[in-house]
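Q: sequence plus the predicted model coming up.
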Amino acid sequence: TSGRGVFISSNPRTSWTEVNTGLTTTFVFALAVSGTNLFAGAYGGGVWRRPLSEMITSVQEIPGDVPHAFALRQNYPNPFNPSTTIEFSLTAMEFVTLKVFNLLGEEMATLVSGQLHAGVYRTEWNPTKVPSGVYFYRLDAGRFTETKKILLLR
């Protein structure tokens with residue numbers, strides 16, 4: 001809890017990402033998880049709710065040799081329902097973000113945000129309360145940026 005809102009991190013030692021979208025005040029006094037939602041009790045009696053799927057993701061390193069090139073692979077399955085897997089490769093340690101956007105360019109989810117070592121990684125997107133449609137996922141790792149299209153069918 002803090003006077004600055006709600007933050008998440010994939011590596012608490014190096015980076016934290018603010019996730020205050022929809023929060024009416026940044027003075028948060030309590031956090032609670034119930035079912036698939038995170039609740040924040042805010043100053044003045046307000047309660048903020050956000051699906052955990054938008055906030056808590058994991059990225060799994062796949063053991064093996066260091067890749068020879070940065071890469072963002074096509075998600076699978078595609079189209080998907082209810083979840084999909086995204087893989088990417090890093091040739092060096094970089095600060096990495098992997099985000100999902102709608103057709104209007106609005107950020108729907110941050111799947112990865114943190115410093116990662118060279119290697120191959122896999123993460124999952126399991127959106128809730130997101131309508132069917134075309135979305136884009138973008139990997140930013142140092143000077144490398146790549147975007148791919150993804151299709152959710154409900």
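A: Nice, I can see it.

Q: could you pull out the strands in the chain for me?
A: When secondary structure is read from DSSP state E, the chain shows strands at 7-11, 15-18, 28-34, 37-42, 47-51, 59-62, 71-72, 84-90, 94-101, 107-116, 119-125, 133-141, 144-152.

Q: list the contacts of the residue of the chain most remote from its centre.
A: For the chain, the largest distance from the centre (C-alpha atoms, centre = their mean) belongs to residue 44, which lies 29.3 Å off. Applying C-beta atoms under 8 Å, 6 or more residues apart in numbering, we find residue 44 in contact with residue 25. In short, each C-beta sits where N, CA and C put it, glycine included.

Q: excluding chain neighbours, what is closest to residue 95?
A: residue 115 (5.3 Å; C-beta to C-beta, 6 or more residues apart in numbering).

Q: ok, back up a step: need the strands of the chain in CSV with distance to residue 78 and mean neighbour count, can you?
A: Formatted as CSV, the strands of the chain follow (distance: least, C-beta to C-beta, whole Å; neighbours: other C-beta atoms under 10 Å):
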stretch, distance to residue 78, mean neighbour count
strand 7-11, 24, 16
strand 15-18, 26, 14
strand 28-34, 30, 12
strand 37-42, 27, 18
strand 47-51, 22, 15
strand 59-62, 19, 13
strand 71-72, 13, 18
strand 84-90, 6, 21
strand 94-101, 13, 19
strand 107-116, 15, 18
strand 119-125, 11, 18
strand 133-141, 10, 18
strand 144-152, 6, 15
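
Q: kind regards, and thank you for your time.
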